[in-house]
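Participant: A structural model of the following input is requested.
(one chain, ligands or ions: 1)
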Amino acid sequence: MRQPLGQGARVELDGGQANYLGNVLRMKEGAELLLFDGRSGEWLARIAEAGKKRMALVVERRTREPETIPDVWLAFAPVKRSQTDWLIEKATELGAARLIPVTTRRTVIERVKLERLQAIAIEAAEQCGRTRLPEIDEPVPLARLLEKRDPARALYFADEAGGEPAADAFKPGPALILTGPEGGFTDEERAAVRGVSNAVPVSLGPRILRAETAALAALAAYMAVAGDWRG
Ligand code: SAH
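Facilitator: You can find the predicted model right below:
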């Protein structure tokens, strides 16, 4: 659901949603369903009006609280579309709170279809019974990401040229993990990232990983070392 959900809220479905529930699933007035908006948890709703082209629901009660996820963002240089789709799905499963496509000198893909990536994140969240969705940003150039960054948020720079071992580098707290494109970072980019105050170059081991593998490996390592896999 795009609109925020709450006790007693009335939700008007768009044509596609009404058609799917009414004509595909053949749900009638009074039928119950679970809704989530990716922020406020999961809600039980009931079909209040069912028409051919439209449908209205009334939200009755919250069935699950919004889950808490670590405040970790992943800034990744988008790669070919299928790999980026895969990356969005896996990063959603792993609990990233925000996904920021970053364009760098060697980034192949400049444009991403935000609607499409958001739909992939919603699908991934539904499949895993997640009630939190990552926010997904429009692509931003690396230089702008660096200048706009919040110095209070640790910037972990996955640098194929080397850095601190991930197990030592990742610390609990607001985090931004940055990974590069297939072609890697240029020397100027590497110097620019290492130049910002709160940047921590991180090594993901002795082997060079593909861009999407590195992004997921960094995220998983963060969850294990500094995130909410620590129990
Ligand atoms: N073409 C480059 C590799 C780029 S790998 C080369 O041959 O050097 C794509 C991105 O994944 C890198 O920019 C980096 O962010 C990340 N990455 C891959 N392997 C890594 C490693 N062992 N340590 C840290 N980051 C790594």
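Participant: Give me the phi and psi for Ala215.
Facilitator: Reported as degrees, to the nearest 10, the phi and psi values for Ala215 are phi -60, psi -50.
Participant: Verify the stated contact: it with Leu94.
Facilitator: No. Ala215 lies out of contact with Leu94 (C-beta atoms under 8 Å); the separation is 9.9 Å. In short, each C-beta sits where N, CA and C put it, glycine included.
Participant: neighbour count winner among those two?
Facilitator: Ala215 (30 against 22; other C-beta atoms under 10 Å).
Participant: For the more buried one, list the residues it contacts.
Facilitator: Leu74, Phe76, Leu87, Ala91, Ala158, Ile177, Thr179 (C-beta atoms under 8 Å, 6 or more residues apart in numbering).
Participant: Can you find the residue of the protein that comes nearest to the ligand?
Facilitator: Gly180 (2.4 Å; C-beta to the nearest ligand atom).
Participant: which non-adjacent residue is nearest that residue?
Facilitator: Ala77 (5.1 Å; C-beta to C-beta, 6 or more residues apart in numbering).
Participant: What is the burial count for the one you found?
Facilitator: The number of residues near Ala77, taken as other C-beta under 10 Å, comes to 29.
Participant: Same check on Gly184?
Facilitator: By other C-beta under 10 Å, neighbour count at Gly184 equals 18.
Participant: which SS class is it?
Facilitator: coil (DSSP: H, G, I helix; E, B strand; the rest coil).
Participant: Quick check: pLDDT value at the residue nearest to the spatial centre of the chain.
Facilitator: In the chain, the C-alpha closest to the average C-alpha coordinate belongs to Pro134, at a distance of 3.2 Å (C-alpha atoms, centre = their mean). In this model, Pro134 is scored at 94, pLDDT.
Participant: Pull the contacting residues for it.
Facilitator: Contacts of Pro134 (C-beta under 8 Å, 6+ apart): Ala91, Thr92, Ala96, Ala97, Arg98, Leu99, Ala121.
Participant: give me that answer again for 6 Å
Facilitator: Thr92, Ala96, Ala97, Arg98, Leu99, Ala121 (C-beta atoms under 6 Å, 6 or more residues apart in numbering).
Participant: sorry, back to before: out of the contacts of Ala215, which sit inside strands?
Facilitator: Leu74, Phe76, Ala158, Ile177, Thr179 (DSSP state E).
Participant: any idea how far the third one lies from Val225?
Facilitator: Put plainly, it is Ala158. Ala158 sits 14 Å away from Val225, taking C-beta to C-beta, to the nearest Å as the criterion.
Participant: These two: who's more crowded?
Facilitator: Between Ala158 and Val225, Ala158 has the larger neighbour count (other C-beta under 10 Å), namely 26 against 17.
Participant: need the contact list for the more buried one.
Facilitator: By C-beta under 6 Å, 6+ apart, the contact list for Ala158 reads Thr179, Val202, Leu204, Ala214, Ala218.
Participant: Ile208 now?
Facilitator: Per C-beta under 6 Å, 6+ apart, neighbours of Ile208: Glu160.
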